[in-house]
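J.: Coordinates for the following, if possible.
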Amino acid sequence: MTIRDGLRTRVAALRETVEPVARAIHADPETADEEHRAKDRLSALLREQGFVVDPNPGDPTAFVATAGTGSTRVAVCLEYDALPEIGHACGHNLIAGAGALTAMALAEIANELDLTVLAVGCPAEERGGGKIPLIDEGVFAEADLAIMVHTVPDGVRLDPRGTSSQAIGQFIATYTGQAAHAAAAPQLGRNTTDAVVIAEVALALLRQQVPSDHRLSANVIRSGVVPNVIPDHATIEFECRAWTLPEYEALRQRVVRCLEAGALATDCTLTIEPVGRPYEPLLQDDLLGGLWSDALSELGRDPRLGVPLAGGSTDMGNVSRRVPSLHPWVRLPGVTASLHSVAFAEAAGSDEAYDVMAEAATAMAWTVAAVAGDPALLTELRARRAALRRVS
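T.: Numbering: from 1, shown residues only. Below is the predicted model of the structure:
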């Protein structure tokens, strides 16, 4: 039996252990930085499979589970946070399950492949950048490669080479004004709702003048309570996205000016605080991407079909700037619903979705095994890692 045949057989056998955990995560969604039950479920699963689990590698809802002592270190990233009020509308239950299956299958042949397998529990991908403190804590410092998979609607091209993700920053803008009786003494007030309206109009006008692949969005969290009181407090959450860091920073500055216009026009004060940490654009390693595409072809999938996924951001981008990384996609068959929708969250819990989870794990395990089993590929990957470290 070849290594690939063995890994495929192991994934199939391990699925009955992993799938109930992935289904439990889907049925019990937890949002960013609140994923305590998902962390406990995954940590227990990996501990039962012989992994040594560090339960707090710099973040209370993160973990690192380690198996093997080989010279080649692979970090398999598991995401498990959900979206507020929607659930797992990016299929993080499947991402966690596929990552666990991959790590467990590789761990069984870690000695044969000279591997150290790290299953990295990564919280707060949807909001906050949970991988970034793990980078700061050195979790990825000695990794030769990092890998994960992401589910997408049907019709998306699966070959990750030449693709990326957008840089993003998220912020909270707070206007502070002066409350007053709206009928008896309105002249004494400084209306923060007016500041919000002016800022929203300025942002809407700005959208016409930025490149078509830039994104800016804002959500009013609070603006007034009752109509007979001029409001003295309003809050907007906003984000900016662009494909390069310089473009992102230029866009962020223009968005801030729109918000400042609201404060200036209404004589209110404005404070802006970051939410989490900025995400960097994703660097898909083309060597790993080629091996992934070969694996999909062997599994009967044509990775060239479909259209590239446009837009979106991930803190895997920050990892990819330091370690050769792969963040490819797998389609949920027949699903046309958008990511971040209730319909996609429902599809991520279907029986067909868990078939995709297992196939993705097989392809990831094959990709890692192809590198670990080829000294020339491993040497090239380590040279790429050294080049990334010189830049970062």
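J.: Going along the chain, name the strands of the stretch 101-250 of the chain.
T.: 115-122, 145-147, 150-152, 167-176, 180-181, 215-223, 229-230, 233-242 (DSSP state E, counting those that start in this stretch).
J.: could you dump these to JSON lines with distance to V368 and mean pLDDT?
T.: The way it works is simple: take the backbone N, C-alpha and C, and place the C-beta from them, glycine included. Shown next, in JSON lines, are these (distance: least, CB to CB, whole Å; pLDDT from 0 to 100):
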{"stretch": "strand 115-122", "distance to V368": "8", "mean pLDDT": "98"}
{"stretch": "strand 145-147", "distance to V368": "7", "mean pLDDT": "98"}
{"stretch": "strand 150-152", "distance to V368": "17", "mean pLDDT": "96"}
{"stretch": "strand 167-176", "distance to V368": "27", "mean pLDDT": "97"}
{"stretch": "strand 180-181", "distance to V368": "64", "mean pLDDT": "94"}
{"stretch": "strand 215-223", "distance to V368": "33", "mean pLDDT": "93"}
{"stretch": "strand 229-230", "distance to V368": "60", "mean pLDDT": "93"}
{"stretch": "strand 233-242", "distance to V368": "30", "mean pLDDT": "96"}
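J.: Out of these, which is closest to M357?
T.: strand 150-152 (8.3 Å; CB to CB).
J.: Which strands border that closest one, and is each parallel or antiparallel?
T.: Strand 150-152 has the following sheet partners, assigned by DSSP bridges: strand 329-331 (parallel).
J.: next SSE after the strand it pairs with?
T.: For strand 329-331, the following helix or strand on the C-terminal side (DSSP states H and E) is helix 342-347.
J.: Buried ones in that next one, by neighbour count?
T.: 344-347 (16 or more other CB atoms under 10 Å).
J.: residues making contact with it?
T.: For helix 342-347, contacts defined as CB atoms under 8 Å, 6 or more residues apart in numbering pick out 82-83, 86-91, 153, 332, 335, 337-338, 353.
J.: Take the strands of the stretch 101-250 of the chain and write them to a markdown table, including mean neighbour count.
T.: Putting the strands of the stretch 101-250 of the chain into a markdown table (neighbours: other CB atoms under 10 Å) gives the following:
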| stretch | mean neighbour count |
| --- | --- |
| strand 115-122 | 26 |
| strand 145-147 | 27 |
| strand 150-152 | 24 |
| strand 167-176 | 21 |
| strand 180-181 | 15 |
| strand 215-223 | 16 |
| strand 229-230 | 18 |
| strand 233-242 | 21 |
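J.: now those strands in JSON lines, with distance to D194?
T.: Converted to JSON lines, the strands of the stretch 101-250 of the chain look like this (distance: least, CB to CB, whole Å):
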{"stretch": "strand 115-122", "distance to D194": "41"}
{"stretch": "strand 145-147", "distance to D194": "47"}
{"stretch": "strand 150-152", "distance to D194": "41"}
{"stretch": "strand 167-176", "distance to D194": "9"}
{"stretch": "strand 180-181", "distance to D194": "13"}
{"stretch": "strand 215-223", "distance to D194": "10"}
{"stretch": "strand 229-230", "distance to D194": "9"}
{"stretch": "strand 233-242", "distance to D194": "9"}
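J.: Give me the mean pLDDT for stretch 248-262.
T.: For stretch 248-262, mean pLDDT is 97.
J.: Export only the CA atoms of that stretch, formatted as PDB.
T.: Extracted C-alpha coordinates of stretch 248-262, given in PDB (Å, rounded to 0.1, in the frame of the first residue of the first chain):
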ATOM      1  CA  TYR A 248      -5.400  49.400   2.400                       C
ATOM      2  CA  GLU A 249      -3.700  52.100   4.400                       C
ATOM      3  CA  ALA A 250      -4.600  54.800   1.800                       C
ATOM      4  CA  LEU A 251      -8.300  53.600   1.900                       C
ATOM      5  CA  ARG A 252      -8.300  53.600   5.700                       C
ATOM      6  CA  GLN A 253      -7.100  57.200   5.800                       C
ATOM      7  CA  ARG A 254      -9.800  58.300   3.400                       C
ATOM      8  CA  VAL A 255     -12.500  56.500   5.400                       C
ATOM      9  CA  VAL A 256     -11.300  58.200   8.600                       C
ATOM     10  CA  ARG A 257     -11.600  61.600   6.900                       C
ATOM     11  CA  CYS A 258     -15.200  60.800   6.100                       C
ATOM     12  CA  LEU A 259     -15.800  60.100   9.800                       C
ATOM     13  CA  GLU A 260     -14.000  63.200  10.900                       C
ATOM     14  CA  ALA A 261     -16.200  65.200   8.600                       C
ATOM     15  CA  GLY A 262     -19.200  64.100  10.700                       C
END
